[in-house]
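> okay, here's the prediction I keep looking at, along with the sequence it came from:
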Amino acid sequence: MKITSRFTVAVHTLLVLYKFADSQKTTSEFIASSVNVNPVVIRRTLLSLKAAGMIEVKAGSGGARIVKNLKEITLYDVFKAVDSVDGDLFHFHENPNPACPVGKTIHAVLDGHLADAQRAMENSLKGVTLYNLAEELDARAQA
């Protein structure tokens, strides 16, 4: 299973909003030119980020801007805001054979490990803020 591209599109969008906040009107068309997607994709992303309280969007072609402190926005927050995964990260096959010694115990054997893996990924995302990414972006731009 793949995590949808909505997550990376949203992070890219937020970094465009950060980088061009003072120099460019950050419309969906402008952001889409950086992400290289249709502006409709960006408009949907902006709606999700707005609903999560990270940005504000001005009506018409007024653009968008980040309203939450960059240090308070984690990758996990973005991940959740744009519904990158439906439910659990790992989808288990529906009907293992209860008459089989593997089928009847597979959940007991594997479920905990899968939950641990998802928790580890989520904790890793919680440890990175948009501020961290903005610093890295700026450092790489100057290199």
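Here it is on my side, so go on.
> surely Thr13 touches Ile42?
Yes: counting by CB atoms under 8 Å, Ile42 is a contact partner of Thr13 at 6.2 Å. All C-beta atoms are positioned from the backbone trio N, CA, C, and that covers glycine.
> shared neighbours, those two?
Residues within reach of Thr13 and of Ile42 at once, by CB atoms under 8 Å, 6 or more residues apart in numbering, are Ile31, Val35.
> per-residue pLDDT of the residue of the chain positioned farthest from its centre, please?
Distance to the chain centre peaks in the chain at Ala99, reaching 40.7 Å (criterion: CA atoms, centre = their mean). pLDDT recorded at Ala99 is 96.
> what about it, distance to His93?
Note on Ala99: its distance to His93, by CB to CB, to the nearest Å, is 16 Å.
> if we can go back for a sec, phi and psi next, for the residue farthest from the centre of the chain.
Main-chain dihedrals, Ala99, degrees, to the nearest 10: phi -90, psi -10.
> how close does it sit to Thr74?
Separation of Ala99 from Thr74 (CB to CB) stands at 45 Å.
> kindly report the same for Ala59.
Distance, Ala59 to Thr74, using CB to CB: 29 Å.
> so these two - more neighbours on which side?
With neighbours defined as other CB atoms under 10 Å, Ala59 and Thr74 compare such that Thr74 has more, 18 against 5.
> my guess is that one contacts Ser124, does it?
No: using CB under 8 Å as the test, Thr74 is too far from Ser124 to be in contact (10.1 Å).
> before we move on, back to that, got a list of what the residue farthest from the centre of the chain touches?
By CB under 8 Å, 6+ apart, the contact set of Ala99 is empty.
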